[in-house]
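1. Build me a structure from this.
(2 chains)
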Amino acid sequence: MPSYKTEALVLRTAEMGETDRRLDLLSPELGPIRAVARGARKVPSRLGGLLQPFAQVRLLLWRGKTFDGVSQAETIRSFHELRESLEAFAYASVAAEAALALTRPDEEAPRRYRLLLYTFERLARGDRGEPVLAYFLAQLLRIEGFEPAWSACVRCGRPVHGERRFLPSEGGVLCPDCSLRSGQGEPVPEPVARLAEQLGRAGPRSAEALAVDPGLAMAAARTLARALSAVLDRSMKSLELLDIIRHDAEGSAEHGG
Amino acid sequence: MEYAAPIARLIAELERLPGVGPKTAQRLALHLLNRPREEVAALASALLEAKDRIHPCSVCANLTDTDPCAICGDPRRDESLLCVVEEPKDVIALERTHEFHGRYHVLMGAISPLSGVGPDDLRIEPLLARLKEGKIREVVLATDPDVEGEATAMYLARLLKPLGVKTSRLARGLPEGGDLDYVDEVTLARALEGRRAI
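-> Below is the predicted model:
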């Protein structure tokens, strides 16, 4: 059976059969890989501990009909920090779900891979999740060709200033006239639209250098997530989890917990 | 040539079982057809009896044929100690140790947003209701030692903190009887973190 080596990020795992684990991987040169690690859920298996979501691994796989099989695995970076903080887990889950949702079979994904790896690295070193997520979503949408138009109306093309209305299904904002005529679009404050646009065009260094208020960054992340949901035609479950966790954390902070 | 309709239907039904592919379903179907009628009838009757009589315990959600289940109804079990697990099979695994004498609560899953499972899909509300009764002093979080299990344990620990209940997590480390050089890096790192004096 032909085998091959690759580096990959583990995006999702699921139980399969009695002791196997199904894996959704993202490889820079091979794109998405659906694989199975036989016996990985048995306690003596080395694979079980290594092939956990968010781990960066080096793999030897054999080609299968439906799933490729994992013969050997070696950790490059386990990103255990993302399992030890509920917030980091939730932000990393949003990034993994978004990256997974946009994968197309047999398509190499070096930029998406590097972006995801960079996102995990920032979360693992303890950077605040809001700006990390906003940057990830802005960059992912740009890489995949779905970057929303923030400063020109998607209907008439005129420049838009001040508060604008965002129409995710049309991939950008509406000017006041088009918005009034159609009655469509959700209001987006100018600083949110400006930040979303800025993050889409910024390199990692300049994005990290931006002193962004976490609330503003989260508003930008939510707006970008709406754009992504429109592309995917579904909401993202991990974003719901992030909202629950943030809501609970805010609640316990208010009550002095 | 295709199978006769009853065999094709049997294969199709078996194929719906988890972990059973077309080839295995075909092998199982042909095996059943080769067995005596009484044996097949016993299997069919066992399936129906289990389906009709087994239900989740109204207290802990473990699978049972009584309500409450034998563990929840046993007065000798320590009602101040509660072990939270993901699935009914985890109750069986812990019971096999003969080391745990408290009661259980089955969540029916773990937080896994990428598989579409959030906290609202788990039996967390009934857990909080049990804790608010005030009899439970310690909760052992025995979710799986994987990313989803850890996230679930962290989420529960955060919810339980304001209730003033002692919360513990199962220890992690090396399996009994294993060779150190065969242990994966993540498990070994956890074992080092959790080392203790002897």
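
2. Sketch out the low-pLDDT regions of chain A for me.
-> Under the criterion pLDDT under 70, the flagged ranges of chain A are A:1, A:44, A:251-257.

3. Count the residues that sit near residue A:150.
-> 21 (other CB atoms under 10 Å in any protein chain shown). (Glycine included, C-beta is placed from N, CA and C.)

4. actually residue A:125, not the one I typed
-> Summarising burial for residue A:125: neighbours were counted as other CB under 10 Å, giving 9.

5. Same question for residue A:77.
-> By other CB under 10 Å, the residues close to residue A:77 number 15.

6. from what I can see it touches residue A:55, true?
-> Yes: between residue A:77 and residue A:55 there is a contact under CB atoms under 8 Å: 7.3 Å.

7. So which residues on chain B come close to chain A?
-> Where chain B comes near chain A, counting by CB under 8 Å from any CB of the partner chain, the residues are B:18-19, B:111, B:113-120, B:146-148, B:150-151, B:154-155, B:158-159, B:161-162, B:175, B:178, B:182-187, B:189.

8. In strands only, show me those residues.
-> Of these, none are assigned to strands by DSSP state E.

9. residue in the stretch 151-257 of chain A nearest to chain B?
-> residue A:238 (3.5 Å; CB to the nearest CB).

10. So for residue B:186, what's the pLDDT?
-> If you check residue B:186, the pLDDT there is 77.

11. Who are the contact partners of it?
-> Taking CB atoms under 8 Å, 6 or more residues apart in numbering or on different chains as the definition of contact, the neighbours of residue B:186 are A:49-50, A:52, A:55, A:75, A:78, A:80.

12. So residue A:22 belongs to a helix, correct?
-> No: Residue A:22 is assigned strand when assessed by DSSP: H, G, I helix; E, B strand; the rest coil, not a helix.

13. Do I have it right that it meets residue A:38?
-> No: shown here, residue A:22 and residue A:38 do not form a contact pair, counting by CB under 8 Å, at 10.7 Å.

14. Can you report how many residues neighbour residue B:87?
-> Neighbouring residues of residue B:87 were enumerated by other CB under 10 Å; the total is 19.

15. And it, how far from residue A:114?
-> Note on residue B:87: its distance to residue A:114, by CB to CB, to the nearest Å, is 37 Å.

16. One more: residue B:58?
-> In terms of CB to CB, residue B:58 sits 51 Å off from residue A:114.

17. Equivalent analysis for residue B:177, please.
-> Distance from residue B:177 to residue A:114, by CB to CB: 42 Å.

18. Looking at these two now, which is surrounded by more residues?
-> For residue B:177 against residue A:114, the residue with the higher neighbour count under other CB under 10 Å is residue A:114, and the figures read 14 against 6.

19. Find the helix or strand that that one is a member of.
-> Using DSSP states H and E, the element containing residue A:114 is helix A:110-124.

20. what about the helices in chain A?
-> Across chain A, reading from the start of the chain, the helices by DSSP state H fall at A:46-50, A:86-101, A:110-124, A:129-143, A:176-182, A:190-201, A:204-209, A:214-232, A:237-254.

21. Understood, closing this out.
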